[in-house]
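Engineer: Provided below for reference: sequence and predicted model.
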Number of protein chains: 2
Amino acid sequence: MGGFGQFVRARRERLLGEDRSYSLRQVARRIGVEPSYLSKVEREQVPPPSEETIVRLATALEVDPDALLAMAGKVSSDLQEAIRRRPQLFAELIRELKGVPDRAVLRLVREVRDGDW
Amino acid sequence: MGGFGQFVRARRERLLGEDRSYSLRQVARRIGVEPSYLSKVEREQVPPPSEETIVRLATALEVDPDALLAMAGKVSSDLQEAIRRRPQLFAELIRELKGVPDRAVLRLVREVRDGDW
DNA sequence: CTAGACGTGTACTATGTCGTACACAGTACG
DNA sequence: CGTACTGTGTACGACATAGTACACGTCTAG
């Protein structure tokens, strides 16, 4: 269901089609890990990397960091921080929103952003 | 600032004042850990326990699990799950709400719960 | 005065996380 | 050719997590 590694490989190879600097080795070098490690990550022989490495990878591959973290089964630590500061409040909000369809949540986001809170 | 262990000890001793079955040993037994371990947790000689253990502890001490998890620097895994399912959406919402005061968020929660979403 | 409950100190361990180091065989190109 | 880059296999390691096991001195109630 997840397919973190699969996604990374697909995305990288797509970019590689247009730019030869997206080889596994060069991407590994840019994000600061060993090629063999990235290779194993892409083939899912090891679990997804740490949050920091995933964010660097997201940057390198020009994808949404939160989405990539989610594929790795993780949640950005700054979001966790925000929740930890007001646990009951956010816990209830999020649990309520579990059953709410995407577009309604999106409307809510807009309301908060544009609204006079 | 956190004081997870301190809080647990204070809470347990408060209950112990009224009910002698809230000794460290008996609580430890109820939540399924060794007394020596709970002792170390309360004195913060070790980091807070796992999520599961914290939830059992919250139940035993009759405190809010989310609040206790927050003191341990954690976020309930079911909340994380909810976020992971719609990362961009929730990420944006939560980041927006960082700067929003408690009462406004609370109003939002009510709106979602009572509203015709 | 002693049996049981109390909290605590020390030692140990299994499992997970997050990678590095290095050698290897295949391929492309100039 | 050869050299330089490609992806990959194997081995290994440091550190964190989440506890258990057991002995010890103390206190307290019958």
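Structural biologist: All right, it came through fine.

Engineer: report how many residues lie close to A:Ala70.
Structural biologist: Counted with other C-beta atoms under 10 Å in any protein chain shown, the neighbours of A:Ala70 add up to 23. (Glycine included, C-beta is placed from N, CA and C.)

Engineer: who in chain A is up against chain B?
Structural biologist: A:64, A:66-67, A:69-70, A:73-76, A:78-80, A:82-98, A:100-102, A:104-106, A:108-109, A:112-113, A:117 (C-beta under 8 Å from any C-beta of the partner chain).

Engineer: try it again at 6 Å.
Structural biologist: Residues of chain A lying close to chain B (C-beta under 6 Å from any C-beta of the partner chain) are A:66-67, A:70, A:75, A:79-80, A:82-84, A:87-89, A:91-94, A:96, A:98, A:100, A:104-105, A:109, A:112-113, A:117.

Engineer: export the lowest-mean-pLDDT helix or strand in chain A to CSV, keeping only CA atoms.
Structural biologist: Counting by mean pLDDT, DSSP states H and E, chain A has its least confident helix or strand at helix A:102-114, which shows a mean of 92. Provided in CSV are the C-alpha atoms of helix A:102-114 (Å, rounded to 0.1, in the frame of the first residue of the first chain):
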residue,chain,number,x,y,z
ASP,A,102,-11.7,16.2,1.7
ARG,A,103,-13.5,19.2,0.1
ALA,A,104,-15.1,20.1,3.4
VAL,A,105,-11.8,20.1,5.1
LEU,A,106,-10.4,22.1,2.3
ARG,A,107,-13.1,24.7,2.8
LEU,A,108,-12.3,24.8,6.5
VAL,A,109,-8.6,25.4,5.7
ARG,A,110,-9.6,28.3,3.4
GLU,A,111,-12.0,29.6,6.1
VAL,A,112,-9.2,29.7,8.6
ARG,A,113,-6.7,31.3,6.3
ASP,A,114,-8.9,34.0,4.9
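
Engineer: so how far is that helix from its chain's centroid?
Structural biologist: Centroid separation for helix A:102-114 versus its chain: 21 Å, with C-alpha atoms, centre = their mean, to the nearest Å.

Engineer: which secondary structure elements does it contact?
Structural biologist: helix B:87-97 (3 or more C-beta pairs under 6 Å, 6 or more residues apart in numbering or on different chains; DSSP states H and E).

Engineer: chain center to the helix it packs on: distance?
Structural biologist: The answer for helix B:87-97 is 22 Å, by C-alpha atoms, centre = their mean.

Engineer: what of stretch A:75-92?
Structural biologist: The answer for stretch A:75-92 is 17 Å, by C-alpha atoms, centre = their mean.

Engineer: now the buried members of the residues of chain A next to chain B.
Structural biologist: A:66-67, A:70, A:75, A:79-80, A:82-84, A:87, A:89, A:91-94, A:96, A:105, A:109, A:112, A:117 (16 or more other C-beta atoms under 10 Å in any protein chain shown).
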